[in-house]
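> pasting the structure only:
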């Protein structure tokens, strides 16, 4: 057998082994994979009321906004988002989860200029109905605290 024939047989044998390994791995993965779990929280469009049907809303059911608070008027917050010219109006209901630096908060704890992330769903008038809102605020330096204390006393 010549060297060229030997190389050809070696290449063919390696290709065959590679194909066997890939097929074997696919079969092993399919056999050992757990069965898929049924989606218990997903309802069909026929089972949903017409106002919450995804066919009726023609859009995603969950929205998010990340920006800076520009106005607060209980129970609403206006958020300036980079991708839009006008602020996003967020309605904060009684069931909304509010956080400030990871701790539970109220709407009164939020201030204009805070960076906020809101997750919710679109409301009937175009506002975002908040499910969760979280503000991350940097701790104040001692100079800022001193100026704030002096301003409060004046």
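Yes, it's here. Since the model is a prediction, treat every value here as computed from it, not as a measurement.
> how about the strands in this structure?
63-73, 76-80, 88-100, 103-104, 115-122, 128-136 (DSSP state E).
> Quick check: which ranges of this structure have low pLDDT?
Counting by pLDDT under 70, the chain has low-confidence residues at 24-62, 140-142, 144, 154.
> Please parse it into its domains.
Partitioning the chain according to automatic domain parsing yields domains covering residues 1-34, 60-136.
> Which stretch among those is buried most, on average?
domain 60-136 (a mean of 15; mean count of other Cβ atoms under 10 Å). The way it works is simple: take the backbone N, C-alpha and C, and place the C-beta from them, glycine included.
> Quick check: the gap between residue 109 and residue 99.
Distance, residue 109 to residue 99, by Cβ to Cβ, to the nearest Å: 10 Å.
> what residues are shared contacts of these two?
Both residue 109 and residue 99 are in contact with residue 135, where contact means Cβ atoms under 8 Å, 6 or more residues apart in numbering.
> quick one on the thing from earlier: the strands of the chain: which one's closest to residue 149?
strand 88-100 (20.8 Å; Cβ to Cβ).
> Give me the angle between the closest one and strand 128-136.
Relative orientation of strand 88-100 versus strand 128-136 (axes from the mean of the first three to the mean of the last three Cα atoms, to 10 degrees): 40 degrees.
> about what we covered before: can you add distance to residue 151 and give the domains of the chain back as JSON lines?
Conversion of these to JSON lines gives the following (distance: least, Cβ to Cβ, whole Å):
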{"stretch": "domain 1-34", "distance to residue 151": "61"}
{"stretch": "domain 60-136", "distance to residue 151": "15"}
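> now for those domains, which one comes closest to residue 148?
domain 60-136 (12.0 Å).
> gap between that closest one and the chain center?
Averaged C-alpha coordinates place domain 60-136 at 14 Å from its chain's average position (Cα atoms, centre = their mean, to the nearest Å).
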